[in-house]
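Peer 1: Sharing a model prediction with you, sequence too.
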Amino acid sequence: MIDSIEYIESNLDNDLFIEDIAVIACMSKFHFQRMFTMLTGYTVSEYIRNRRITVAAQELINSRSKVIDVAWKYGYESPESFTKAFRRIHGTTPSEARKKSQSLKAYPKLSFQIQLKGDVEMDYKIVEKDGFTIVGKSIRTTTIGGENNRRIAAFWDESNRNGFTAELAKNCGPLGLIGICMDFDKQQENLTYLIGAEKNMDQTPPEWEEKLIPHATWAVFPVHGAMPHAMPKVWKRIFSEWFPATGYEHAGLSEMEVYLSDADPYSKNYYSEIWIPINK
């Protein structure tokens with residue numbers, strides 16, 4: 001991961017491709033993107049954009065370079081697109097930034113520090129599961145700025161209020177209610193989140209969707225604690241501790257949050273699970 005950051009930093013003024021960065025980190029493109037986002041809170045593309053705008057601001061302030069030259073140097077097709085991105089981050093235009101009184105933002109280069117962990121064990125089991133069909137409803141969201149976390153929480157609240165999850169629960173399969181992250185785009189910034197259950201009915205309501213989850217090997221992690229806070233803590237430990245410790249890699253398929261219990265999800269004793277598709 002440190003080598004991948006160094007590679008990004010030394011090529012901010014060149015074309016950067018996530019496939020090449022992932023090779024530096026000895027990972028597949030998909031696994032690198034998921035690992036990067038879980039560890040840092042940024043997507044890879046978001047981090048590169050922020051670093052480029054930070055470095056571009058410094059160059060504008062400390063050199064006589066023209067705005068158009070700086071824009072092209074850091075991968076922007078026109079001064080207009082560069083100005084728009086610059087204003088979004090810094091709240092001012094590139095020309096105004098040259099005035100010493102202007103306040104700018106800086107996104108520092110990331111660094112990783114190794115810490116001794118493992119004092120709290122992680123329980124898991126490996127499950128082979130045949131393909132199955134999910135029914136439910138979905139939203140499309142982005143991981144940029146943690147927007148997915150906010151939208152998914154709001155989606156659950158809405159689904160609980162309008163009776164959708166109650167109706168879904170009447171037809172649940174053995175896994176109960178399921179939240180599924182699926183259909184990740186190539187840059188890992190957009191995904192589909194579906195609230196559903198295993199299909200256990202003859203006729204699916206017309207306003208519901210059907211999605212096929214293919215056969216996979218799953219790593220299943222228990223989650224103990226109240227929603228929504230307990231789930232993100234386990235997600236982060238999976239990527240920062242479990243994957244590096246076990247030699248497994250993400251299979252690039254859909255991920256599942258499984259809500260098996262009818263108990264109060266806001267209780268400190270609530271039990272749920274995270275299912276991650278894996279390859280050895």
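Peer 2: That came through, no problem.
Peer 1: so what does the longest helix seen in the chain touch, helix or strand wise?
Peer 2: Secondary structure of the chain read by DSSP state H shows that its longest helix is helix 44-62. Judged by 3 or more CB pairs under 8 Å, 6 or more residues apart in numbering; DSSP states H and E, helix 44-62 is in contact with helix 2-10, helix 18-24, helix 29-40, helix 67-73, helix 79-90, helix 94-97. In this view, the C-beta of every residue, glycine as well, is placed from N, C-alpha and C.
Peer 1: Apply 7 Å and report the result again.
Peer 2: Applying 3 or more CB pairs under 7 Å, 6 or more residues apart in numbering; DSSP states H and E, one finds that helix 44-62 contacts helix 29-40, helix 67-73, helix 79-90, helix 94-97.
Peer 1: in the stretch 151-280 of the chain, which spans are strands?
Peer 2: 177-182, 190-198, 209-213, 216-224, 249-250, 255-259, 271-279 (DSSP state E, counting those that start in this stretch).
Peer 1: Residue 46: which of the ones you listed is closest?
Peer 2: Distance to residue 46, taken as CB to CB, is lowest for strand 190-198 among the strands of the stretch 151-280 of the chain, at 12.1 Å.
Peer 1: ok, and what's touching the longest helix of the chain?
Peer 2: In this structure, residues lying in contact with helix 44-62 by CB atoms under 7 Å, 6 or more residues apart in numbering are 8, 12, 16, 18, 21, 33, 36, 40, 65, 70, 74-75, 85-86, 89-90, 94, 97-98, 104, 106-107, 109-110, 144, 187-189.
Peer 1: Break the protein into its domains for me.
Peer 2: Using automatic domain parsing, the domain ranges for the chain come out as 2-97, 125-279.
Peer 1: okay, and for the chain, where does confidence drop off?
Peer 2: 99-103, 113-120, 186-188, 261 (pLDDT under 70).
Peer 1: Nearest spatial neighbour of residue 173, chain-adjacent residues omitted?
Peer 2: Of all residues not flanking residue 173 in the chain, residue 198 sits nearest, at 2.9 Å (CB to CB, 6 or more residues apart in numbering).
Peer 1: With residue 263 instead?
Peer 2: Excluding the flanking residues, the one nearest residue 263 by CB to CB, 6+ apart is residue 270, at 5.8 Å.
Peer 1: tell me which residues form a beta bridge with the spatially closest residue to residue 208 that is not a sequence neighbour?
Peer 2: Spatially, and ignoring its direct neighbours in sequence, residue 208 is nearest to residue 135 (5.2 Å; CB to CB, 6+ apart). Beta bridges link residue 135 to residue 197, residue 210 when assigned by DSSP bridges.
Peer 1: follow-up on the earlier one: between the helices and strands packed on helix 44-62, which gets nearest to residue 122?
Peer 2: Using CB to CB, the helices and strands packed on helix 44-62 put helix 29-40 closest to residue 122, at 14.5 Å.
Peer 1: and the residue nearest to residue 208, how many neighbours?
Peer 2: Using other CB atoms under 10 Å, residue 135 has 20 neighbouring residues.
Peer 1: And it, how close does it get to residue 204?
Peer 2: 5 Å (CB to CB, to the nearest Å).
Peer 1: now swap in residue 153 and tell me
Peer 2: Taken as CB to CB, the span from residue 153 to residue 204 is 26 Å.
Peer 1: now residue 259
Peer 2: Using CB to CB, residue 259 is found at 20 Å from residue 204.
Peer 1: for residue 191, same thing?
Peer 2: To residue 204, residue 191 is 23 Å away according to CB to CB.
Peer 1: And the two? Which one has more around it.
Peer 2: Neighbours around residue 191 and residue 204, counted as other CB under 10 Å, are more numerous at residue 191. The numbers are 21 against 14.
Peer 1: Bridging across strands, which residues link to that one?
Peer 2: As for beta bridges, residue 191 partners with residue 141 under DSSP bridges.
Peer 1: and the gap between the residue lying farthest from the centre of the chain and residue 98?
Peer 2: Taking CA atoms, centre = their mean, the residue of the chain most remote from its mean C-alpha position is residue 64, at 38.8 Å. Residue 64 sits 10 Å away from residue 98, going by CB to CB.
Peer 1: among the strands of the stretch 151-280 of the chain, which is the most enclosed?
Peer 2: strand 255-259 (a mean of 23; mean count of other CB atoms under 10 Å).
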